[in-house]
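K.L.:
No letters, just coordinates:
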């Protein structure tokens, strides 16, 4: 068998045929595999598959086929080797640019055109060798893609099964519920110490004056927006074991946007559900919309290629409109405010811990303004509402960059900088739930709320552990570790799985 394969390759390299279809396919095959391997959870819809196959495969194949036929003419045939090399190398590098940056940048595009021109003049006699290398890269890429596909195919949602009958809870209290989630907002109990040492209490005082009850010491269970929200809306721990990478989980957007126990319970109680966000981060892979209303339109506002932060939308006007529509209808709102955020994500982006702290404090002031506007609207238009404000994770002040969290540390203030979250509740008529001491971490948020709405303390018998977990990559054996235990103490215990 081996000699036959060698003969096929030798014949391909030595004969004078141009193979335009194979050349066009080679330009996009490896980039397609690479893109799916590294971004699968962001592009795992059938619409994305059709788009990227069309972009990376169909477009270059059709283009090469048509031009190949056109350049068979005698007066054009001598130029085909130059054009085909230019197009193959140019398309390949262009697709790699899309894979790496999720956008087309002018300076990179100019460089790509220059490299393609150089290849056309100096490497046109070696195009088939370039094509062979591209196919070898594609085969190597499959080695990484196949485990990703296997993980997806073997995914089971059983981890979200509830241990009791909470899915059948019947609300005895029926206020409109507003869940406001500011990104990266630290709990006030941590904000005035540690790496933050921020003493401005104006927003804290505003919340108190507006009727909010503040809860100290509340934490997220996970360190990033996606993995934190997946656990919150599932009301269960996933322990990072269904993750594709350090900040994504399998079907995370489908869990949050399409179907989860929280949405099901609100719908079972005849609540109309609303999702309002400043950025389409949770909508990137076009998950089926499980909310009854949203301020984003997939056809107009969500692109196939991007970083999830390319189309900012207003949340204030839609909130006002949705509150006023059908005032007798019970409503649930999930409102994302993408500030104050966190320090820069990657090491090559950071300006250092001190500079990142100052930038975070600047964004904190902006966040306070936004949150006040939202709260004023709700309290004015819906004075008996239940308003819950809980951040998804901390601001990471004290770290040079966010990914640094995956290096082992037992620095108490750093860990709390990542996991401490603002938590405040405006209870209807100022009457707090008598069992609200169970609010300790985000995984149990809705279980406690449903216990209150259903007036059923029994649902508190199955609270999840209030520990915080992190994936460690450096300075310790790789794995998932409990870094803050249920009592809020710093620990470092490797977790074995769901």
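P.N.:
That came through fine. Only a predicted model underlies this, so the values are computations on that prediction, with no experimental measurement involved. Numbers count the residues shown, from 1 in each chain.

K.L.:
helices and strands around the longest helix belonging to the chain, which ones?
P.N.:
In the chain, assigned by DSSP state H, the helix with the most residues is helix 353-381. Judged by 3 or more CB pairs under 8 Å, 6 or more residues apart in numbering; DSSP states H and E, helix 353-381 is in contact with strand 177-182, helix 202-210, helix 316-324, strand 331-337, strand 386-390. For every residue, glycine as well, the C-beta is placed using N, CA and C.

K.L.:
Next, the angle from it to strand 177-182.
P.N.:
In terms of direction (axes from the mean of the first three to the mean of the last three CA atoms, to 10 degrees), helix 353-381 departs from strand 177-182 by 160 degrees.

K.L.:
what ranges do the strands span in the chain?
P.N.:
177-182, 213-214, 243-245, 248-249, 272-277, 293-294, 331-337, 386-390, 423-426, 468-472, 479-484, 490-494 (DSSP state E).

K.L.:
Nearest to residue 35 among those strands would be which one?
P.N.:
Nearest to residue 35, of all the strands of the chain, is strand 243-245, at 13.6 Å by CB to CB.

K.L.:
Run the chain-centre distance for the closest one.
P.N.:
From the chain centre to the centre of strand 243-245 is a distance of 11 Å (CA atoms, centre = their mean, to the nearest Å).

K.L.:
Over to stretch 304-321?
P.N.:
That offset, for stretch 304-321, works out to 15 Å (CA atoms, centre = their mean).

K.L.:
mind listing what residue 37 touches?
P.N.:
The neighbourhood of residue 37, defined by CB atoms under 8 Å, 6 or more residues apart in numbering, consists of 141, 144-145, 148.

K.L.:
would you turn those residues into CSV with distance to residue 231, pLDDT and neighbour count?
P.N.:
Formatted as CSV, the contacts of residue 37 follow (distance: CB to CB, whole Å; pLDDT from 0 to 100; neighbours: other CB atoms under 10 Å):
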residue, distance to residue 231, pLDDT, neighbour count
141, 32, 94, 19
144, 27, 92, 13
145, 27, 93, 18
148, 22, 88, 18
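
K.L.:
Among the residues you listed, which are located in helices?
P.N.:
Checking the contacts of residue 37 against DSSP H, those in helices are 141, 144-145, 148.

K.L.:
still on that earlier bit, of all the strands of the chain, which one is nearest residue 224?
P.N.:
Closest to residue 224 of those, according to CB to CB: strand 248-249, at 8.3 Å.

K.L.:
just to revisit the earlier point, with distance to residue 22 added, can I get the ones in helices among the contacts of residue 37 in CSV?
P.N.:
Formatted as CSV, the ones in helices among the contacts of residue 37 follow (distance: CB to CB, whole Å):
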residue, distance to residue 22
141, 17
144, 23
145, 21
148, 26
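
K.L.:
and which of those is nearest residue 180?
P.N.:
Comparing the ones in helices among the contacts of residue 37 against residue 180 with CB to CB places residue 148 closest, at 34.4 Å.

K.L.:
Any figure for the gap between that closest one and residue 179?
P.N.:
Applying CB to CB, to the nearest Å, the value for residue 148 to residue 179 is 32 Å.

K.L.:
list the contacts for the closest residue to residue 157 other than its chain neighbours?
P.N.:
Spatial nearest neighbour of residue 157, excluding adjacent residues (CB to CB, 6 or more residues apart in numbering): residue 251 at 7.6 Å. Neighbour list for residue 251: 41, 155, 157, 242 [criterion: CB under 8 Å, 6+ apart].

K.L.:
so how far is residue 34 from residue 107?
P.N.:
From residue 107 over to residue 34 the distance is 22 Å, taken as CB to CB.

K.L.:
the more surrounded of those two?
P.N.:
Each of residue 107 and residue 34 has its neighbours counted (other CB atoms under 10 Å); residue 34 has more, 21 against 7.

K.L.:
Which pLDDT value goes with the more buried one?
P.N.:
The per-residue pLDDT reported for residue 34 equals 93.

K.L.:
which ones are touching the closest residue in space to residue 352 that isn't next to it in sequence?
P.N.:
Of all residues not flanking residue 352 in the chain, residue 400 sits nearest, at 6.0 Å (CB to CB, 6+ apart). Taking CB under 8 Å, 6+ apart as the criterion, residue 400 is in contact with 343, 347, 350, 352-353, 356.

K.L.:
Residue 191 versus residue 400, what's the distance?
P.N.:
Taking CB to CB, one finds residue 400 at 20 Å from residue 191.

K.L.:
same question, residue 297
P.N.:
37 Å.

K.L.:
Of the two, which one has the most company?
P.N.:
Taking other CB under 10 Å, residue 297 and residue 191 do not tie; residue 191 has more neighbours (23 against 9).

K.L.:
so who does the more buried one touch?
P.N.:
residue 198.

K.L.:
Please tell me the pLDDT value assigned to it.
P.N.:
pLDDT recorded at residue 191 is 96.

K.L.:
Ok, residue 309 next?
P.N.:
Residue 309 carries a pLDDT value of 53.

K.L.:
Is there a neighbour count for residue 100? I'd like the number.
P.N.:
14.

K.L.:
on that earlier part again, to residue 59, which of the helices and strands packed on helix 353-381 lies closest?
P.N.:
Among the helices and strands packed on helix 353-381, the nearest to residue 59 by CB to CB is strand 331-337 (34.9 Å).

K.L.:
Now do the closest one against strand 177-182, angle only.
P.N.:
10 degrees.

K.L.:
Neighbouring strands - and their directions - for strand 331-337?
P.N.:
Applying DSSP bridges, strand 331-337 is found paired with strand 177-182 (parallel), strand 272-277 (parallel).

K.L.:
Need the winner for burial among these.
P.N.:
Stretch with highest mean neighbour count among these: strand 177-182 (a mean of 24; mean count of other CB atoms under 10 Å).

K.L.:
Show the average pLDDT along that strand.
P.N.:
Mean pLDDT, strand 177-182: 98.

K.L.:
which regions of the stretch 201-350 of the chain sit below the pLDDT cut-off?
P.N.:
306-310 (pLDDT under 70).

K.L.:
which pair in the contacts of residue 251 spans the largest distance?
P.N.:
Spanning the widest gap among the contacts of residue 251 are 41 and 157, at 14.9 Å by CB to CB.

K.L.:
between the two, which one's more packed in?
P.N.:
Each of residue 41 and residue 157 has its neighbours counted (other CB under 10 Å); residue 41 has more, 21 against 14.

K.L.:
how about that one, what does it touch?
P.N.:
Applying CB under 8 Å, 6+ apart to residue 41 gives the contacts 244, 248-253, 285.

K.L.:
For the residue nearest in space to the middle of the chain, which non-adjacent residue is spatially closest?
P.N.:
Centrality entry for the chain: nearest residue to the mean C-alpha point is residue 226, 4.8 Å, by CA atoms, centre = their mean. Computed as CB to CB, 6+ apart, the closest residue to residue 226 that is not its neighbour in sequence is residue 252, at 4.7 Å.

K.L.:
sorry, back to before: which one of the strands paired with strand 331-337 lies nearest to residue 23?
P.N.:
Ranking the strands paired with strand 331-337 by their distance to residue 23 (criterion: CB to CB) puts strand 272-277 first, at 43.0 Å.
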